[in-house]
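Engineer: Quick one: sequence plus predicted model below, questions after.
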Amino acid sequence: MLHDYFENRVLISPVYHSGAQKHGHVYKEIFSIRKTYTEYMTYTAYANVWALPALVIPVGKDDNGMPMSVQLMSKNGNEEKLFKLGELIEKEWGGYQRCTLHDQ
């Protein structure tokens, strides 16, 4: 079903429900005894579970200055479409900007 659905499609989804979390936060949610991961499962999990190629493109920052990204996903064999769309999004939204906060 997924193979047919993604024949001429690329799915664009957020990576997470908010900007990037502090290191270890998502890991803590996944293994929480309260099972909080069921509320905020990362969208990247779908690509992993379905074994589909995906590409993550930074598109901005949240109010705390943390990066926010979108994920592009399609079927195996559509990688060229992912890269072309990723390139267009990157040009429009600025793409990756390396953090220089800790440079010496």
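Structural biologist: Yes, it's here.
Engineer: Need the contact partners of stretch 2-18.
Structural biologist: Applying Cβ atoms under 8 Å, 6 or more residues apart in numbering, the contact partners of stretch 2-18 are 26, 40, 42-44, 46, 50, 52, 56, 62, 68-76, 78, 81-82, 85. Just so you know, the C-beta spots here come from the backbone N, C-alpha and C atoms, and that holds for glycine as well.
Engineer: With stretch 81-88 instead?
Structural biologist: Contacts of stretch 81-88 (Cβ under 8 Å, 6+ apart): Val10, Pro53, Ala54, Leu55, Ile57, Leu72, Met73, Ser74.
Engineer: ok, and for it, which residues are buried?
Structural biologist: Buried residues in stretch 81-88, defined by neighbour count with 16 or more other Cβ atoms under 10 Å: Lys81, Leu82, Leu85, Gly86.
Engineer: what does stretch 52-60 give?
Structural biologist: For stretch 52-60, the neighbour count (16+ other Cβ under 10 Å) marks Leu52, Pro53, Ala54, Leu55, Val56, Ile57, Pro58, Val59 as buried.
Engineer: Look up the residues forming beta bridges with the third one.
Structural biologist: Assessed by DSSP bridges, Ala54 has beta-bridge partners Met73.
Engineer: returning to what we had before: between the contacts of stretch 81-88, which is closest to Lys22?
Structural biologist: Proximity of these to Lys22 (Cβ to Cβ) peaks at Ile57, which lies at 21.9 Å.
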